[in-house]
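Visitor: Task: produce atomic coordinates for the following.
(one chain, ligands or ions: 1)
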Amino acid sequence: MSTQRDVLSLLFVMSENPNHEMTYGVAAVCLCLLLATPLCRSYVQKISSNGYSIIHSKPDIDVFPSLIENAIPTVLVNTSPAPSNPFIQPIYGPGYPQAGQASCAVPPPICPKSQYRSMDGSCNHLEQPQLGMANTRYGRLLTPKYGDGVSSPTRSITGDELPNARLVSLVVFGEMDVPDPQFTLVNMQWGQVITHDMSMQAGGTQSTRHPTRCCTDDGRLLTNDLLHRTCFAILVPPHDPAYSQVGIECLNFVRTLTDLDANCPNSQRQAEQLTTVTSYMDLSLVYGNSIQQNSEIREFRGGRMIVEQRNGAEWLPSARNITVDCDATSLTEVCYRAGDIRVNQNPGLAMLHTILLREHNRIADALAKLNPHWDDRTLFQEARKINIAEYEHISYYEWLPIFLGYENMLKNRLIYSAPKTTHINDFDPSIDPSVLNGHATAAFRYFHTQIEGRLDLISELRSVAGALRLSDWFNRPGIIELGDNFDSLTRGHATQPQELTDINFDREIKNYLFRRNRAFGSDLRAIDIQRNRDHGLASYNDYREFCGLRRADNWEDFTDLIAAQTVEKLKSLYASHEDLDVTVGGSLERHVIGALAGPTFLCILTEQFYRTRVGDRFFYENGDKYAGFTPDQLAEIRKASMARLLCDNGNSVESMQPKAFLQVSTSNPIVSCSNIREVDLTKWIDQKGYFTTAPLHFGK
Ligand code: HEM
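Guide: Residues are numbered from 1 along each chain as shown. I've put the predicted structure just below:
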């Protein structure tokens with residue numbers, strides 16, 4: 001990239017970063033309606049009517065060739081023979097995904113008939129039992145655009161490198177603190193739970209220090225001969241407002257492992273990244289992604305998961321190796337073990353992990369009382385099934401409508417307005433439930449904008465009792481056990497606003513991510529951009545076209561969805577409008593009315609959550625006689641809510657607003673937890689069990 005462009009771009013950093021101007025969007029629609037030009041008509045149709053249709057029926061990669069063939073034979077990363085990888089030894093217990101190692105899942109040769117989900121996602125799809133399994137490929141909507149056409153990071157269509165990821169993060173995305181007027185922070189935190197349930201790129205830690213180092217400890221790029229082949233470090237541009245203060249020139253970045261690294265069967269010429277967790281929304285973050293992983297967190301008594309008792313409360317079990325799994329300063333510091341290795345990453349995440357774990361045990365205990373004849377396995381699997389169903393219900397009917405828009409979801413058959421006892425039998429074996437690369441690497445990460453760097457601790461009377469600085473507590477979850485912190489943080493997340501879904505990303509993740517007592521940490525927005533290129537995602541323009549929007553012929557054509565002054569900044573950074581990363585372009589679009597994303601991301605997200613639902617044979621609304629719920633049980637699951645989940649699983653949370661994703665207001669006032677609807681578990685009393693045991697009493 002030219003120095004001239006660098007300088008010009010840094011000038012923009014000095015200028016104020018505007019927020020998304022939704023009113024500007026509305027005004028544009030009105031003006032368009034008045035002018036009624038064909039372009040405007042398409043704008044109005046796409047933007048204001050929620051007029052998106054799911055695109056899953058379009059053929060996939062093979063039939064959809066790359067929109068721009070990109071076969072520049074240059075290699076961006078060091079491909080010289082790798083020096084020994086410092087991270088070849090397993091560091092997690094057996095069965096846990098290991099950074100630096102990748103393997104491809106092998107489904108069982110024959111799928112056993114089971115009324116319950118498997119732990120690794122296998123056999124959900126009976127004809128293609130590997131679909132959605134842990135340790136399989138991400139799905140793709142568009143052919144990848146690797147620099148070398150095979151696996152190296154994307155380059156500009158000119159053959160040069162794309163603009164520096166940190167520079168793009170600085171120039172295009174702001175750091176302003178803008179509280180959301182409607183939504184609480186628990187929206188953001190639930191989003192991360194869903195993320196961790198659905199995907200995790202292979203070969204990374206996503207929280208603790210990565211053992212593969214691309215930069216020296218004082219922030220310099222390692223020399224070529226020492227660079228591991230998976231290194232794709234983010235270089236810090238000169239005069240960086242944060243990092244240059246302390247002389248940091250390099251941010252660590254390790255490439256995701258692919259099917260080519262793992263020698264997976266049926267690999268194509270082009271690399272496809274691997275994801276180490278099941279694609280299904282099956283609470284794999286609570287239960288684990290394999291039988292082995294599950295057996296390390298399951299009590300095997302009364303259907304319960306392992307908990308540790310401290311100070312009269314139940315907590316997640318301790319990690320096996322706290323110095324690896326947490327940034328612990330002492331060997332006695334709390335560090336958790338769960339179904340997902342990212343559990344310790346931040347306090348809000350650890351808090352929701354604890355709540356979901358406690359919910360499992362709460363259900364298991366209740367079922368054990370109702371059905372004393374059930375064995376551990378039945379209690380465990382039934383409690384797991386109910387817990388997953390509640391979580392899916394909250395996610396699809398309470399959380400997703402905020403993000404995707406209620407009308408959009410209804411129209412695209414992601415949700416239904418059905419009578420409470422009616423099943424929805426929409427499982428479709430032709431749908432691939434794999435998590436799409438464009439979803440996990442670009443669209444869903446847009447919601448990093450909602451992260452708040454200050455976590456409020458709120459009392460039962462809803463007064464602020466204190467606050468935590470996010471970057472003080474990355475990978476140090478023990479803070480949630482201190483004093484009343486667990487309940488205060490729970491109430492805090494349900495009370496304080498999340499950050500507005502806009503182009504601003506909180507400083508705590510834009511300059512201080514995982515700083516571990518150092519002055520600065522990493523930049524999550526720059527990482528997201530770099531990851532977009534690491535995974536070779538098709539360009540923003542390609543995705544626009546794929547999503548039925550007009551393909552841009554020049555920079556100005558992007559102004560239909562992106563503010564003109566932002567397009568000017570992009571122009572100063574990128575050599576061509578064809579180079580614009582989808583992570584960047586999609587995050588800059590004006591939102592579709594009623595949703596929290598612009599049309600391109602909304603299209604990808606809608607597609608993903610459609611596939612996640614109808615590609616899952618065990619989705620809770622299915623009425624399968626063997627694996628589904630009875631109509632009465634389904635009606636109970638449909639009473640589950642975020643508010644009640646928080647109420648039931650705090651240490652002593654007594655009150656909550658009924659709609660916990662929405663801020664407290666006169667129409668959503670704080671009420672006693674007992675006034676919030678609960679799932680009546682008596683509908684799970686097993687009549688059959690009593691009847692079949694009965695004849696024994698009357699002995700023949
Ligand atoms: C405090 C909150 C959060 C933190 C600290 C955080 C941090 C991270 C980090 C470090 C990564 C890995 C980046 C990489 O190496 O490429 C990541 C990945 C990701 N994040 Fe977040 N995140 C948070 C919340 C969220 C939320 C709210 C969402 C969405 C609603 C989200 C969606 C994603 C997705 C989709 C990925 C990629 C997952 C994969 O397939 O591996 N994150 N996040």
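Visitor: Could you pull out the strands in this protein for me?
Guide: In the chain, the strands defined using DSSP state E lie at 136-137, 179-184, 234-235, 250-251, 274-275, 308-310, 313-315, 454-458, 464-469, 497-499, 655-656, 671-672.
Visitor: With respect to burial, which of those scores highest?
Guide: Stretch with highest mean neighbour count among the strands of the chain: strand 274-275 (a mean of 26; mean count of other C-beta atoms under 10 Å). C-betas here are computed from N, CA, C, even on glycine.
Visitor: and the stretch 301-450 of the chain, which residues reach the ligand?
Guide: Within the stretch 301-450 of the chain, the positions adjacent to the ligand are 345-346, 440, 444-445, 447-448, 450 by C-beta under 6 Å from any ligand atom.
Visitor: re the thing from before, just put the strands of the chain in CSV and tack on distance to Glu407 and mean pLDDT.
Guide: Listed next are these as CSV, based on distance: least, C-beta to C-beta, whole Å; pLDDT from 0 to 100:
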stretch, distance to Glu407, mean pLDDT
strand 136-137, 33, 97
strand 179-184, 17, 98
strand 234-235, 40, 98
strand 250-251, 41, 98
strand 274-275, 31, 98
strand 308-310, 45, 98
strand 313-315, 41, 98
strand 454-458, 33, 98
strand 464-469, 36, 98
strand 497-499, 22, 98
strand 655-656, 27, 98
strand 671-672, 28, 98
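Visitor: In CSV, list these along with distance to Ser576.
Guide: Formatted as CSV, the strands of the chain follow (distance: least, C-beta to C-beta, whole Å):
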stretch, distance to Ser576
strand 136-137, 29
strand 179-184, 35
strand 234-235, 21
strand 250-251, 26
strand 274-275, 31
strand 308-310, 56
strand 313-315, 53
strand 454-458, 40
strand 464-469, 41
strand 497-499, 32
strand 655-656, 51
strand 671-672, 56
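Visitor: and Leu596, which of the ones you listed is closest to it?
Guide: Of all the strands of the chain, the one in closest proximity to Leu596, counting by C-beta to C-beta, is strand 179-184 (8.4 Å).
Visitor: one step back: so which of the strands of the chain is nearest Pro477?
Guide: Ranking the strands of the chain by proximity to Pro477 (C-beta to C-beta) places strand 313-315 first, at 9.4 Å.
Visitor: which other helices and strands contact the closest one?
Guide: On a contact count with 3 or more C-beta pairs under 8 Å, 6 or more residues apart in numbering; DSSP states H and E, strand 313-315 meets strand 308-310, helix 347-370.
Visitor: of all the residues of the stretch 301-450 of the chain next to the ligand, which two lie farthest apart?
Guide: Farthest pair in those (C-beta to C-beta) is Asn346 and Ala440. Separation: 18.6 Å.
Visitor: Relative to the ligand, how far out is the residue nearest to Asp218 when sequence neighbours are not counted?
Guide: Spatial nearest neighbour of Asp218, excluding adjacent residues (C-beta to C-beta, 6 or more residues apart in numbering): Gly247 at 7.2 Å. Distance of Gly247 to the ligand, computed by C-beta to the nearest ligand atom, to the nearest Å: 23 Å.
Visitor: Was I right to think Gly247 contacts Cys215?
Guide: No. Counting by C-beta atoms under 8 Å, Cys215 is not a contact partner of Gly247; they are 11.9 Å apart.
Visitor: So the two - more neighbours on which side?
Guide: Each of Gly247 and Cys215 has its neighbours counted (other C-beta atoms under 10 Å); Cys215 has more, 21 against 10.
Visitor: tell me the contacts of the more buried one?
Guide: With contacts defined as C-beta atoms under 8 Å, 6 or more residues apart in numbering, Cys215 is in contact with 221-222, 233, 249-252.
Visitor: if you set the cut-off to 7 Å instead, what comes out?
Guide: Applying C-beta atoms under 7 Å, 6 or more residues apart in numbering to Cys215 gives the contacts 221-222, 233, 250-252.
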